[in-house]
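**Student:** take this sequence and fold it.
(chains A and B)
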Amino acid sequence: MIKNNLLANDSLRIIGIVGTAKNTGKTTTLSFLIQDAFSKRYSIGVTGIGYDGEEIDTITMLPKPRLLLEKNTIAATSEDCLKVTTADYKLLETTNIVTPLGKVCIVKIIEPGLMVIAGPNKKFELARVIKKLKKYDLDIIFIDGSLNRIAPLARVDKIIFTTGASRNTDIDFLAKEMKEIGLIFQQEKTKFNGLDQNRIQIISEQIREIDLVSLLDEDDANLVAQKCDNNTRAFFVPGMVSLKGLKKFLVAIKNKSSLELILDSPITMMLSGEPSEAAAFIKTATAHNLKITYCYKPELTAVTINPFYPLERNFHFNTAYVDKEFLFIQVRNALAVPVFNIKEGSVNLLELCIN
Amino acid sequence: MKKRILCVPLDPVHDVGIKIIRNELDKHGHKTELLSPDLPMEEIVKHAAFGKYDFIFVSRTLGYGVAELLARFNDYLDAAGVRETSRIVIGGKPITPELAAELGFDKGFGANSTMDEIIAYVEGKAIESTTVGLKREKKNFTDKYSYKFHNKEIESLLSDISDKVISWAKGKTSDGIQRAELRKEIIHSKNEQEKEKIYKKYNAISDPSIVDSNQKRQYIKGVRKVTDEELEQLNLFLTQNHPVAPQKIQHHDKHPLLFKFLGSGCPLLDIIHGKICERWGIDGFLVINPSWEARYEGLLDGYLTHENDGTITSFSNINLLRKSLDPSTLLTVRAHRGLNTPETVMLAGEAGADMVKINLVYGSLGAGTDPERLAVDGIYAIKLAGEHKMPFDIPGNDELSGVPAWKTLAGLLINVMLGIKLSAQPILKPLFCYGPHIVINGQMKNNYIDYNVAKINALRQIVDSPIWPGEPIAFMTQTEERVQAANANSYHAALAASLAVDAITVASTDEAYSRGPICITSRIDTIRAVTDAFRFLGNADFAPTQQAELFTEEIITKITEVLREVNKAENLPQAIYSGCLGNKDDGAYPGKFGKGTIK
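**Tutor:** Predicted coordinates:
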């Protein structure tokens, strides 16, 4: 496949789409981006970190393919998904990455059709698949999220969040939550380079290591804080952090000033607790001169909103909507990044992704 | 190599499943550790990170918000680096591969997973997918029977009755028999001109309505050709679907096979229902034809659908059913009604059916065919079934007209002896029903068990033959209410299992009340109910009261009396005409279709 070289600096863009909940419009957003990128002749790769299992034929209990993939698209999906695709494809590679739906295969679409995308579902395997996809000289790789999962997307360039009434029908809650997510993503990238990803490090004149990857509870917090002295400038936690552990850590280092806590990525902060709690911690930490930074920093590029939600009545789900205009305005006013309703008018989302 | 496995019951309460799995993993020498239920996520992640486990097994019942919780759990493990060293596995009844993938697990085990699959996965051995074939052999339940009679008087009477009717029928023929022979020639002829000539002969001895349908496509009301597009859609359904894991109905090998009817009128709908029922564990089907097929001389050709009860038993339709169902699924075709009995047996045999349904007595008394015509046609048909190695099942549905059980059973036994003499393999099909005679005379006043047991025991004391209660079981004990209907079927099925019969036929829960084609959910109702009944009963037995023995003796005595009466008649048709096997008082009338057509 020949790369179209349409991008300004000729570099590959890796775009992840993440939902705050099911039915917030991940697939709609991804479909829009794929179609827009295809019409503008970009060479595209598509994979996903799970399986969007919403659409099952209730008679046959079979998955119904959801994404329309155009000719020449490169897709990484599991073997079982290829059995139900309506697209014609050429198998380029069968990887040894195994999902519950079989091995991840890399295919090239020969004739357009619908496909379920269920690729690698963990961070290090997604990194391996992206590496393989890079061989095919692509302009853009799109990565579909799954449910509310986010961890595997720590290494993408740009993230688009989808939110909507399916997450919560309280529009003020949605706007506030996106603002909090915005704050988590706003924290800076660290200036420290070459950190060991396998253990916690205390950065002073020299780098000291602790045989620990994550900061999860009071014991962890105390262990790390004890290693801190007057020369300590920063801590690096490559694994997971919990708010419980972070709060204890903040207490344990309260007398120290101007420290930096380096986390893997904003995703780590997102996983520490609810966005409201994580954002509140960032504010408290900042007030106590503890600066949160990231080793890897995907950019929060845009947010798409979806007014739809499934309303349960008498044990049946019906289609329902919140006020789409009010949702749009409230989320837009809460955020510094662009907000879109994909189903309303023309949207320059792709441009934001590639620039 | 032994594996290190962390078992995590994420559920606050339900941790039985994971304890069972842990126990099995321990038995296989793996090193397991079980966390206490309902621990905070951070604690589990910490434990998982420190332990360097090969696998982390998680169990959790699903409910509102649990999917998001499990997805988040995987994210924690991913962020903590655990997923680079441990494979994360979810187990639970509703887990499917799709759901496991959606939630971000490496593997999922659900309700249909076996312990062998789990062990194979842990040990890195190849796992045979449970979602492909039915993995069963085609059953033959006639081979193990000797057909030896234990009751010598009854054997002698049956022998005389059979000899007389075979001798009477010798040299006689009918248009039905001739059509069967012509049909065979048509199927095997490769020369179109020759075929056309045979068709002319066939049409000359067929009803004009059948000839018009076959030649001019002027079909009988409600009949139309299945379109090429519909056949193509069926082909897509059969070839492009990924089948779900098959279920097993029987809890152990001695439990009876389970049969259902197919006869919606549309062969495609039958096949779709059939394929679904196969996955629920059904062992075989009975193809039920439209009642009007019995009244016309001749059968329709081609792929045909019928907007009413009964699927047309054309060669193409039977062939389509046979080819579409799993090779291990047994298929029996109703042949004994009416003027096309020999031809239907011929078509069934040529199209690959496994059995045919023939009863000379019931076909005459309950289904409208003239006794003489059916005797001549039926003897030919039984012979034909034997030649095609198709056992023939003998339904005792005359009991539903009001005929007493002993007369019905006497009729079944006459068919058994005819089968033996004509080198075929007969199968007795006494009813498990609350028939009119029983309602009036109170044999089931105290329970539904004793009299059904007595029928089976009586037959067993007479002859060593396969027994397959039908048709269907629980007839007239079902109401329009689905739960009641499923229960009624399950109780009768459990009784049949307790009696170690070979097979049973079950209806759907809406069989008698559907007011149109029965629906698939109602079919599954009774399959599920019977599966649970078999599991409940296991290898235990019902304990009938002493009354069952008295009923058994009474039935044998009265069967003997009936057969003595039948034997006094000149031949079987005369015995039927005279009411020995069911009379007007019982609600049975000798049929009239085909009267005077013996040649």
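**Student:** helices of the stretch 151-300 of chain A, residue ranges please.
**Tutor:** A:171-186, A:218-226, A:243-252, A:266-271, A:275-287 (DSSP state H, counting those that start in this stretch).
**Student:** kindly report the same for the stretch 1-150 of chain A.
**Tutor:** Going by DSSP H, counting those that start in this stretch, the stretch 1-150 of chain A shows helices at A:26-39, A:79-83, A:123-134.
**Student:** buried ones in the longest strand along chain A?
**Tutor:** For chain A, the strand with the greatest residue count under DSSP state E is strand A:88-99. For strand A:88-99, burial by neighbour count (16 or more other C-beta atoms under 10 Å in any protein chain shown) applies to A:89, A:92, A:93, A:95, A:97, A:98, A:99. Every residue, glycine included, has its C-beta placed from N, CA and C.
**Student:** that strand: partners in the sheet, and parallel or antiparallel?
**Tutor:** When pairs are called by DSSP bridges, strand A:88-99 turns out to pair with strand A:102-111 (antiparallel).
**Student:** and chain B, which residues reach chain A?
**Tutor:** By C-beta under 8 Å from any C-beta of the partner chain, the residues of chain B that approach chain A are B:41-43, B:45-46, B:49, B:67-68, B:71-72, B:74-76, B:78-81, B:83-84, B:97-108, B:240-242, B:244.
**Student:** domain map for chain A?
**Tutor:** A:13-186+A:298-354, A:200-294 (automatic domain parsing).
**Student:** how distant is the last one from the center of its chain?
**Tutor:** The chain centroid and the centroid of domain A:200-294 are separated by 22 Å, computed with C-alpha atoms, centre = their mean, to the nearest Å.
**Student:** and it, anywhere near chain B?
**Tutor:** Yes. On the criterion C-beta under 8 Å from any C-beta, domain A:200-294 is in touch with chain B at A:213-214, A:216-217, A:220, A:238-240, A:242, A:244-245, A:264, A:267-268, A:271.
**Student:** the residue of chain A positioned farthest from its centre: what's it in contact with?
**Tutor:** Distance from the C-alpha centroid of chain A, by C-alpha atoms, centre = their mean, peaks at residue A:230 (36.7 Å). By C-beta atoms under 8 Å, 6 or more residues apart in numbering or on different chains, the residues touching residue A:230 are residue A:256.
**Student:** what are the ranges of the strands in the stretch 1-150 of chain B?
**Tutor:** Applying DSSP state E, counting those that start in this stretch to the stretch 1-150 of chain B gives strands spanning B:4-9, B:31-34, B:55-59, B:87-91, B:107-109.
**Student:** returning to that earlier point: now, of the helices of the stretch 151-300 of chain A, which is deepest in the fold?
**Tutor:** Mean neighbour count (mean count of other C-beta atoms under 10 Å in any protein chain shown) peaks for helix A:266-271 among the helices of the stretch 151-300 of chain A, with a mean of 26.
**Student:** who are the packing partners of that one?
**Tutor:** helix A:171-186, helix A:275-287, strand A:290-294, helix B:66-79 (3 or more C-beta pairs under 8 Å, 6 or more residues apart in numbering or on different chains; DSSP states H and E).
**Student:** and if we set it to 10 Å?
**Tutor:** The contact analysis (3 or more C-beta pairs under 10 Å, 6 or more residues apart in numbering or on different chains; DSSP states H and E) places helix A:266-271 against strand A:13-19, helix A:171-186, helix A:243-252, strand A:259-263, helix A:275-287, strand A:290-294, helix B:66-79.
**Student:** can I get these in JSON lines with distance to residue B:582?
**Tutor:** Converted to JSON lines, the helices and strands packed on helix A:266-271 look like this (distance: least, C-beta to C-beta, whole Å):
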{"stretch": "strand A:13-19", "distance to residue B:582": "70"}
{"stretch": "helix A:171-186", "distance to residue B:582": "76"}
{"stretch": "helix A:243-252", "distance to residue B:582": "83"}
{"stretch": "strand A:259-263", "distance to residue B:582": "88"}
{"stretch": "helix A:275-287", "distance to residue B:582": "80"}
{"stretch": "strand A:290-294", "distance to residue B:582": "89"}
{"stretch": "helix B:66-79", "distance to residue B:582": "61"}
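**Student:** so which of these gets nearest residue A:39?
**Tutor:** Closest of those to residue A:39 is strand A:13-19, at 16.5 Å (criterion: C-beta to C-beta).
**Student:** so what's the closest residue to residue A:146 other than its chain neighbours up against?
**Tutor:** For residue A:146, ignoring the flanking residues on the chain, the nearest one in space by C-beta to C-beta, 6 or more residues apart in numbering or on different chains is residue A:50 at 2.5 Å. For residue A:50, the contacting residues are A:99-101, A:117-121, A:144-147, A:149, A:152, B:71, B:74, B:98, B:100-105, by C-beta atoms under 10 Å, 6 or more residues apart in numbering or on different chains.
**Student:** sorry, back to before: which of the buried residues of strand A:88-99 sits closest to residue B:120?
**Tutor:** For those, the nearest to residue B:120 is residue A:98 (14.0 Å; C-beta to C-beta).
**Student:** may I have the phi/psi pair for the nearest residue to that closest one once chain neighbours are set aside?
**Tutor:** Leaving aside its chain neighbours, residue A:98 sits nearest to residue B:106 (7.2 Å; criterion: C-beta to C-beta, 6+ apart). Taking degrees, to the nearest 10, you get phi -80, psi -30 for the backbone angles of residue B:106.
**Student:** coming back round to it: from the residues of chain B next to chain A, keep the buried residues only.
**Tutor:** Buried subset of these (neighbour count, 16+ other C-beta under 10 Å): B:41-42, B:45-46, B:49, B:67-68, B:71-72, B:74-76, B:78-81, B:83, B:97-108, B:244.
**Student:** mind listing the strands for the stretch 151-300 of chain B?
**Tutor:** Secondary structure of the stretch 151-300 of chain B (DSSP E, counting those that start in this stretch): strands at B:223-225, B:257-262, B:284-287.
**Student:** repeat for the stretch 451-599 of chain B
**Tutor:** Using DSSP E, counting those that start in this stretch, strands in the stretch 451-599 of chain B cover B:470-475, B:503-505.
**Student:** which one of those has the poorest average confidence?
**Tutor:** Across these, strand B:470-475 has the smallest mean pLDDT, namely a mean of 88.
**Student:** residues contacting residue B:105?
**Tutor:** Residues near residue B:105 by C-beta under 10 Å, 6+ apart: A:50, A:99-100, A:121-122, B:56, B:58, B:70-71, B:73-74, B:87-91, B:95, B:97, B:99.
**Student:** so what's residue 279 up against?
**Tutor:** Using chain A here. Residue A:279 makes contact with A:176, A:177, A:179, A:180, A:181, A:182, A:183, A:184, A:186, A:269, A:273 under the criterion C-beta under 10 Å, 6+ apart.
**Student:** actually chain B
**Tutor:** Contact analysis of residue B:279 by C-beta under 10 Å, 6+ apart lists A:61, B:131, B:134, B:243, B:244, B:245, B:246, B:247, B:326, B:524, B:527.
**Student:** and the gap between the closest residue in space to the last one that isn't next to it in sequence and chain A?
**Tutor:** Counting by C-beta to C-beta, 6+ apart, residue B:527 lies nearest to residue B:280, which is 4.6 Å off, once chain neighbours are set aside. Distance, residue B:280 to chain A, using C-beta to the nearest C-beta, to the nearest Å: 13 Å.
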